[in-house]
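Asks: I would like to see how this sequence folds:
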Amino acid sequence: MLTAIVRRAATLVVRAAAAVRLVFAIDPIRSGLVLSGAVLLGAVPVAIGWLTKALIDAITDSARLGVLVGIAVGLIAATAVSQLVPTLLNLAESELSRRVAAATKEKLFTKVNGFAGLGYFEQPAFHDKLRLALEAGEYAPTQILRTLTGTVQRVITLAGFLVALWLIHPLITLLAVLAAVPQLLVELRLSRERFSLQAELSPAERKQLFYSMLQTQAAAAKEIRLFGLGRYFRDLMMAELATTHRGQRRMDRRMAVARIGLDLVSVVPFAIALVWVARSVASGQLGAGDVVLFLAALAAVTAGTAELAVLVARFDELALTLGRFDELLALEPDLPVREGKTAPALRSGVELQDVWFRYREDLPWTLRGVSLRIPAGSSVAVVGPNGAGKSTLVKLLCRLYDPERGEIRWDGEDLRDLDPASLRNRIGSVFQDFVSYDLSARANIGLGDLPAMDDLERIRTAADQVGLGATLDALPRGFDTALTRMFLDEAPDDELPDGEADQAPGGSYLSGGQWQRLAIARMLMRADRDLLLLDEPSSGLDARAEYELHRVVSEVTQGRTRLLVSHRLNAVRDADLIVVVDQGEIVEQGNHHALIAADGLYAELFRLQSTGYADPSPAPGVSPQPADHQADHLVVSDRTEVP
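Replies: Numbers count the residues shown, from 1 in each chain. The predicted structure is shown next:
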């Protein structure tokens, strides 16, 4: 028992030291002021108690006026300090809290942005850990300092009053101290239970937040109303809220029962002391000043030990909470990064050698023994059914994951040996699940190449290349129009053309196809990169737009190494090499004509898509054309007639 208490005390001291070092490193001046103020405020009640005793004794003994005035001045000064210092400390603590929150948030997001891959971000447990770490980093360090200063303040106050109590009656002093031990142990136990409950309820709180966001965000509003899902998601949200509340009520009841018992225990030494005081006054052993000091000291010790126990338990809980912040900062890199080796310019090509990959050990293989060479300057298309592993291939080429087996080589260099940032600086990409940023049109395109964010001509050129320039120019503030209703547009109404002022607040929307063009424009900001990856770049476009877009992208990126992933085979027929992937394996490869001649999976898929465009009931006397001929006719129609 004693060993466990000592161990807990040692752990608390270590955590306190770490928290204080963190806060002092961020703002040493304010941290020092807060700690000094706590010491001063801890001494003030003791000084007031002794000065009150002295004043009563002086009055009782008919002391000279000068003595009474001196004691009174001391009491006034101590009272003034007790009133003024807390206000100044609150001011210092508030600024310290802001600085600590900013510093810890910066440190946390530096760590998060330092994860080179996607592994952590696709784990629900990581998001629970991240949310708790964000909360901990924002408030725990300052709360720990505040709790620590409160503890220091009460320790000093207790020490002063314990001395006074000891001088009057040592046995009652010892009894009051012993009564605080069970209180401290119970509060520490409750703090651990509160900490565990927080982790236990974290998934329910995350789900509750998710369901509430679904009901309030524009992205889901159409389907929720069309399918009548509002009540369904509301009920799910309320069920998760009920789970959270059940856990909190259970904790509240445990705390109430424990503290009622502790309050009853704390009454015992106080009752014994009052009986002794009454007998001592009756027998003349205590004077009026002694009684006042003794009662003040006893009340301060009884209340102070309870407060100290709560503060120590609170500190323990905060230190555990801050541990979540430290745990996230201590996470190992999701991908091994070898410093100092910059990705060279692509001269020969990219090669996959017997690549195997799965997202988790308990999931099936997404890629199985894939071997493929992408020659520099060539255009390679990857096609296949949904779930075949096409997009996973793109993620591996970006080194967002590493293969579980096999290698991917960039001009003979294993991607794992290259600095990820330098590798990605040589890659331009547009993903099937591209991001629509709640930012301006200029920013949405310029983010493709940050150094060119202020180069409006380059941004406009990229927009024109995808046929979006005129659309963006026509927006209320042109390229500076916010493409969102989440943030208010900052432009005053009188700066906007007549009739457009009512459209400006909240920005403007684009259609799905326009957003897709914008995402491709963002990729074209990197059209000069060595490897361009296009993952289903035109899935939301009509046939004419798709053809025009592929033609423009081919012209703009001529001579660059391109990998195009698409399920629309018309878009890939001109590629130098077409790779057919099925169930994680390459089952065919060759150019369009060779694959049609092979009459394998590619030919089957091509015929299926061609049939969708062919007339199923030809006019009388007209013979149906072969599937290949229909497909060729489809391409011509796609380029000239289909809207």
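Asks: Any stretches of the stretch 1-150 of the chain with poor pLDDT?
Replies: Counting by pLDDT under 70, the ranges of the stretch 1-150 of the chain that qualify are 1-2, 4-6, 8-9, 12, 63.
Asks: Now that residue 49 has come up, it's in contact with residue 301, right?
Replies: No - taking contacts as CB atoms under 8 Å, residue 49 lies outside contact range of residue 301: 11.1 Å. From N, CA and C alone the C-beta is placed, and that goes for glycine too.
Asks: what about these two, which has more around it?
Replies: Higher neighbour count among residue 49 and residue 301: residue 301, with 26 against 22, using other CB atoms under 10 Å.
Asks: ok, now how distant is that one from residue 234?
Replies: Noted for residue 301: a distance of 52 Å to residue 234, by CB to CB, to the nearest Å.
Asks: what do you get for residue 126?
Replies: Going from residue 126 to residue 234 by CB to CB gives 28 Å.
Asks: who's more crowded, the two?
Replies: For residue 126 and residue 234, the more surrounded residue by other CB under 10 Å is residue 126, and the numbers stand at 18 against 14.
Asks: can you map out the strands along the stretch 501-643 of the chain?
Replies: 531-535, 561-565, 577-582, 585-590 (DSSP state E, counting those that start in this stretch).
Asks: Which strands or helices does the second one pack on?
Replies: Secondary-structure packing of strand 561-565 (3 or more CB pairs under 8 Å, 6 or more residues apart in numbering; DSSP states H and E): strand 367-375, strand 379-383, helix 390-397, strand 531-535.
Asks: and the third one with strand 367-375, angle?
Replies: Just to be clear, that refers to helix 390-397. 70 degrees (axes from the mean of the first three to the mean of the last three CA atoms, to 10 degrees).
Asks: so after helix 390-397, what's the next helix or strand?
Replies: As assigned by DSSP states H and E, the chain's next helix or strand after helix 390-397 is strand 405-410.
Asks: what sits up against that following strand?
Replies: With CB atoms under 8 Å, 6 or more residues apart in numbering as the test, strand 405-410 has contacts from 343-344, 346, 350-356, 369-371, 396-397, 399, 414-416, 418, 423.
Asks: Need the buried ones from those selected in ChimeraX.
Replies: In ChimeraX syntax, the buried subset of these is picked out as below (16 or more other CB atoms under 10 Å):
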select :343,344,346,350,351,352,353,355,370,396,397,399,415,416,418,423
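Asks: quick one: residue 412 and residue 348, what's the gap?
Replies: From residue 412 across to residue 348, the span is 7 Å (CB to CB).
Asks: Run the chain-centre distance for the helix or strand containing residue 213.
Replies: Under the criterion of DSSP H and E, residue 213 resides in helix 170-216. Relative to its chain's centre, helix 170-216 lies at 24 Å (CA atoms, centre = their mean, to the nearest Å).
Asks: Please renumber the chain so that the first residue is 46 from this point on.
Replies: I'll keep to 46 as the first residue from here, and by that count the last item is helix 215-261.
Asks: what packs against that helix?
Replies: Using 3+ CB pairs under 8 Å, 6+ apart, the elements in contact with helix 215-261 are helix 169-213, helix 263-271, helix 275-328, helix 333-374.
Asks: switch to 10 Å and redo it
Replies: Secondary-structure packing of helix 215-261 (3 or more CB pairs under 10 Å, 6 or more residues apart in numbering; DSSP states H and E): helix 47-71, helix 169-213, helix 263-271, helix 275-328, helix 333-374.
Asks: Looking at the strands of the stretch 546-688 of the chain, which is nearest to residue 197?
Replies: Closest approach to residue 197 among the strands of the stretch 546-688 of the chain is made by strand 576-580 (58.2 Å; CB to CB).
Asks: Check which strands are paired with that closest one and give the direction for each one.
Replies: strand 472-475 (parallel), strand 606-610 (parallel) (DSSP bridges).
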